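> Here is my input, please return the structure:
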Amino acid sequence: MSQLTHRTIAVNGIDLHIAEQGTGQPVVLCHGFPGLWFTWRHQIDALSRAGYRVIAPDMRGYGRSSAPAEASSYDRVHTVGDMVGLLDALDIDQAVFAGHDFGAHLVWDLPAWAPGRVRALMQLSVPRTPRLPVQPSVGFAYLAARHFAHVHYFQEVGVADAELNGHPREFLAKILHALSGANRYLDCWDFPSEGNGYLDVLPEPPALPWKWLSEDEFDYYVSEFTRTGFTGGLNWYRAEDAVWEQNAALHDKPIDVPTVFVAGAKDPVLEMMGRDPFAAMRALVPGLVGTHVVDGAGHFVQMEKPAEVTAIWLDFLASLDA
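Numbering: from 1, shown residues only. Predicted structure coming up:
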């Protein structure tokens, strides 16, 4: 059985750190905010033991990968270029891609941006939705006029950076708890945007350890983000208008590759999307073969309910070879 290895490779003009384990059909795992390769720690070993080559990068802006300072370096040209460059550097023609949060946003776009390089999709927490009729920043400002909206708060360079970089342990504990199965995230909506930072509106978390997160695991997140800060991750939000513009002709292109979707039943993302959050996804993703809602989990379903997510993934991966 192969062991987990780490290396940094030159890709698309940056250094991309990857954790890698196993041999066989390649599976690339793309985390979101605030994530790291470590987000996939439960899946990496299980999938590699089942005969897959698992590749989990620290995405651009995170961990041990390069973090360009300009938000323009996080648009879709650059982020797709990272994934295609990763496949090229590893001499991989085609891979299964999995994404969570902003990683899911990117992975939803890969079949249109990199046709022929995507074998299948395993998506978490963020359903495919139609193209917004206005620039994302316009929508963010609309939300912020009604209640605190982190997507708007993150747009001004330097403000959220200073707050989160100054309090990485406090922020990570609050955001990981609020978005989890505790389902406290929408408490933020009780506060106005004016005069509030993110730490002011996020609910207080219980003391660690939690059922799904040990103190040692949490400390790894804290140590990495204390070292790097959060600006790289925030730049994914600041690039949303550019991504929207670049996707004008591609966003609603049907996704025909085999796709499975998994979300936690208590994920605030689903709650914000209304009674049937999967309706648009069913229309936009003809390749969708399964939608799974995992009881007791929130936004970080792959960490909160790792056995359930891994079982769904292994069944799906086996079906690709059937």
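> When you work out contacts or count neighbours from here on, use the C-alpha atoms and nothing else.
Fine.
> Whichever helix or strand residue 29 is part of pairs with which strands, parallel or anti?
Secondary-structure element containing residue 29, defined by DSSP states H and E: strand 25-30. Paired strands of strand 25-30, with direction, are strand 52-57 (parallel), strand 95-100 (parallel) (DSSP bridges).
> Can you mark which positions in stretch 269-289 are buried?
Across stretch 269-289, burial judged by 16 or more other Cα atoms under 10 Å covers 269, 270, 277, 278, 281, 282, 283, 284, 285, 287, 288.
> same question, stretch 248-261
Buried, per 16+ other Cα under 10 Å, within stretch 248-261: 251, 252, 255, 257, 258, 259, 260, 261.
> picking up where we left off before, mean confidence score for the strand holding residue 29?
For strand 25-30, mean pLDDT is 98.
> can you list contacts of it?
37, 40, 51-59, 92, 94-100, 103-104, 107 (Cα atoms under 8 Å, 6 or more residues apart in numbering).
> Just after it, pick out the following helix or strand.
Strand 25-30 is succeeded, C-terminally, by helix 41-49 (DSSP H and E).
> thinking again about what came up before, redo the buried residues of stretch 248-261 as JSON lines? Include distance to residue 240.
Output for the buried residues of stretch 248-261, formatted as JSON lines (distance: Cα to Cα, whole Å):
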{"residue": "251", "distance to residue 240": "13"}
{"residue": "252", "distance to residue 240": "16"}
{"residue": "255", "distance to residue 240": "21"}
{"residue": "257", "distance to residue 240": "25"}
{"residue": "258", "distance to residue 240": "26"}
{"residue": "259", "distance to residue 240": "24"}
{"residue": "260", "distance to residue 240": "25"}
{"residue": "261", "distance to residue 240": "23"}
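> Okay, and which of the residues you listed map to strands?
259, 260, 261 (DSSP state E).
> Against residue 289, how distant is the first one?
It stands for residue 259. 6 Å (Cα to Cα, to the nearest Å).
> Then the last one?
The span separating residue 261 from residue 289 equals 8 Å under the rule Cα to Cα.
> And for the second one?
Using Cα to Cα, one gets 6 Å for the distance from residue 260 to residue 289.
> quick one on the thing from earlier: will you turn the buried residues of stretch 269-289 into a markdown table that also has distance to residue 6 and pLDDT?
Output for those, formatted as a markdown table (distance: Cα to Cα, whole Å; pLDDT from 0 to 100):
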| residue | distance to residue 6 | pLDDT |
| --- | --- | --- |
| 269 | 32 | 93 |
| 270 | 34 | 92 |
| 277 | 37 | 89 |
| 278 | 36 | 94 |
| 281 | 35 | 95 |
| 282 | 37 | 93 |
| 283 | 39 | 93 |
| 284 | 36 | 96 |
| 285 | 34 | 97 |
| 287 | 33 | 98 |
| 288 | 33 | 98 |
